[in-house]
Each structure stands twice: as C-alpha cells, then as structure tokens.
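Undergrad: give me coordinates for this.
(one chain, ligands or ions: 1)
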Amino acid sequence: MGFCGRIKREKELDYKKLQERMVKDQLIRRGIRDKKVLAAFYKVRREKFVSSELRRQAYEDFPLPIGEGQTISQPYMVALMTQSLELKGHEKVLEIGTGSGYQTAILAELSQEVYSVERIKSLAQKAQRLLKRLGYNNIKIFSGDGTLGWKECSPYDRILVTAGAREVPLSLIEQLKEKGIMVIPIGNLYSQDLKVIKKKKDGIRSVTVEKCVFVPLIGKYGWEESTING
Ligand code: SAM
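TA: The predicted structure follows:
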C-alpha cells in the first residue's frame, strides 16, 4: 500500500468508536463504576499519547511501548488506579512516573492540580509538550527521582506511583496529607500487588486491590539501576 493509502486507512479508523468500546468492554465490564472516571476516559484521546506506528492499537487491552524501554499502562490499570484514588475534584495530586502523560491527563481532568515526576528527561519533556498542546494548565512536570517525591510542593491529598516498587518510599508517606490516599504497586520485578494506602492519624492502612505487572521504580528508595540492567 502506498503512502496515500496508509493515510486514508488511518483516517478511516474511527478512534471515537474504539474508545467507547474500550470503556464498555474493558472498564465497565471489569467493575469501574465511578462516573467521573469513566467520563475522563471518554474525553482523553489515548491515541494522542502513542507513536503513529502504534496508534491503531491505542485502545487495545494491554500496555504499549513509549520508548526508552517504558510503557503506557493498560487502560484498565489506569482506570483502576484512578478510581482507587477517590478523587472529588479539589485535590492536589502527586504522580510518580509521567511516562507518556496519558495517566497525567486523566488525573488533571479529575483534580485541581497535578504534580508529576518522571525519571527519564526525554519522556518528561515530550509529555510536557503534548499536555501543553492539549490545553492542560493544571499540570507541572519535573524530571528527577520520584522516589524522593516533590518536597517543595508537598503535602499532597493523593499520590499515585505508576511503576513497581519494592516497598513504599518513606518520603512519599511523609509528603501525603493525613486522610490522604496513595496508590502504588509493591512487589518484585516480575509481579506486584496494587496497594491502596490510607494515611490515618494513628498510622497507615493498606489493602491490595489487584495483581499487576509494572516497569520498575528506579531510584534512591526504589530498585537500583544496576539490578535492572544486570
Ligand atoms: N502512567 C504512564 C502513562 O500513562 O504513560 C505510564 C508510566 S510507566 C508504566 C512508568 C514510568 O515510571 C516510566 O516512564 C519510568 O521512566 C518512570 N519511573 C521509574 N522510576 C521512576 C522514578 N524513580 N521517578 C520518576 N519516574 C520513574
């Protein structure tokens, strides 16, 4: 097929329809019920966050590569993590692991302001440009080690970690407000438990809501880079 033919087929693909099908078949069917979360998934166009070669797969039921060995998470996982944060709209949210910026956009639709930290500078810059172009003005992105949190702007009502950690970084617990909620995958390099942690006056309560597999959280209070790269 020639170049023109490819462009035509790309145009013919009805992303809105694929998006609606993804919300119904992957999210609602698996128990995502929060109406505001579902509305955000109907609004944010996932195909804008992946490369042109992968655009046709943007609404499939699995993670996709975004470069630098990283991934945009499976839609259901993004939805489950978002729903678990119990956002009402007034919150200040810290996200660790900006990646493509898709989850960041979903959070920005549902909260007051989002602070997002990404370890890989090129991904942070790309996400920042895209989110600005899409018109988001309640997102701040910083490139650095998110296991340290983002202390200058703390405390946060909610914290979401989108990479797999060995244990909950103490710095993140410290930067979470009392009555705040943190969602974080905890486990080994191959499999984790998605934990929902609530910070109470007398300590923290933690429940596991799902099994998951995330790329590793690399940093001072995460995995060492040398462990990952052998
Ligand atoms: N939520 C993202 C999206 O929607 O595209 C996907 C995030 S991806 C599964 C995990 C991201 O965490 C990767 O981009 C990775 O570089 C980043 N990461 C890993 N360790 C980190 C750290 N210590 N601080 C900040 N980001 C980190």
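Undergrad: which residue packs closest to Leu194, ignoring adjacent ones?
TA: Glu210 (4.4 Å; C-beta to C-beta, 6 or more residues apart in numbering). C-betas here are computed from N, CA, C, even on glycine.
Undergrad: near the ligand at all, the helix or strand hosting the one you found?
TA: Using DSSP states H and E, Glu210 sits within strand 203-212. No - contact of strand 203-212 with the ligand (C-beta under 6 Å from any ligand atom) is absent, the minimum separation being 10.1 Å.
Undergrad: so what's the residue nearest to Leu194 up against?
TA: Met77, Leu80, Asp193, Leu194 (C-beta atoms under 8 Å, 6 or more residues apart in numbering).
Undergrad: the last one bridge partners, please.
TA: Leu194 forms beta bridges with Pro185, Glu210, as assigned by DSSP bridges.
Undergrad: and it, how many neighbours?
TA: By other C-beta atoms under 10 Å, the residues close to Leu194 number 21.
Undergrad: Ala124 should be in a helix, yeah?
TA: Yes - under DSSP: H, G, I helix; E, B strand; the rest coil, Ala124 sits within a helix.
Undergrad: that one is in contact with Thr98, isn't it?
TA: Yes - here Ala124 reaches Thr98: they are 5.7 Å apart, a contact under C-beta atoms under 8 Å.
Undergrad: any residues in contact with both of the two?
TA: Glu118, Ile141.
Undergrad: can you pull the contacts of the most centrally placed residue in the chain?
TA: What sits nearest the mean C-alpha location of the chain, by C-alpha atoms, centre = their mean, is Gln103, with 3.6 Å. Residues near Gln103 by C-beta under 8 Å, 6+ apart: Ser73, Val78, Met81, Thr82, Glu95, Leu160, Thr162.
Undergrad: near the ligand, which residues of this protein are found?
TA: Going by C-beta under 6 Å from any ligand atom, the residues of the chain near the ligand are 66, 70-73, 96-97, 99-100, 102-103, 117-120, 123, 145-147, 162-163, 214-215, 217-219, 222.
Undergrad: quick one, which of the residues you listed are buried?
TA: Burial by neighbour count, judged by 16 or more other C-beta atoms under 10 Å, picks out 66, 70-73, 96-97, 99-100, 102-103, 117-120, 123, 145-147, 162-163, 214-215, 217-219, 222 from the residues of the chain next to the ligand.
Undergrad: and the residue nearest to Leu194, how far is that from Asp34?
TA: 15 Å (C-beta to C-beta, to the nearest Å).
Undergrad: and for Gly69?
TA: For Gly69, the distance to Asp34 - C-beta to C-beta - is 32 Å.
Undergrad: between these two, who's got more neighbours?
TA: Asp34 (17 against 10).
Undergrad: hmm, that one is touching Gln83, no?
TA: Yes - in terms of C-beta under 8 Å, Asp34 counts as a neighbour of Gln83; the distance is 4.8 Å.
Undergrad: remind me which residues of the protein are low pLDDT?
TA: 1-12, 230 (pLDDT under 70).
Undergrad: which residue ranges of it form strands?
TA: Shown for the chain, the strands assigned by DSSP state E span residues 64-67, 70-72, 92-96, 113-118, 139-143, 156-161, 176-187, 192-200, 203-212.
Undergrad: may I see those strands arranged in TSV, with distance to Ala39 as well?
TA: As requested, the strands of the chain are exported to TSV (distance: least, C-beta to C-beta, whole Å):
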stretch	distance to Ala39
strand 64-67	23
strand 70-72	20
strand 92-96	17
strand 113-118	17
strand 139-143	18
strand 156-161	18
strand 176-187	20
strand 192-200	22
strand 203-212	21
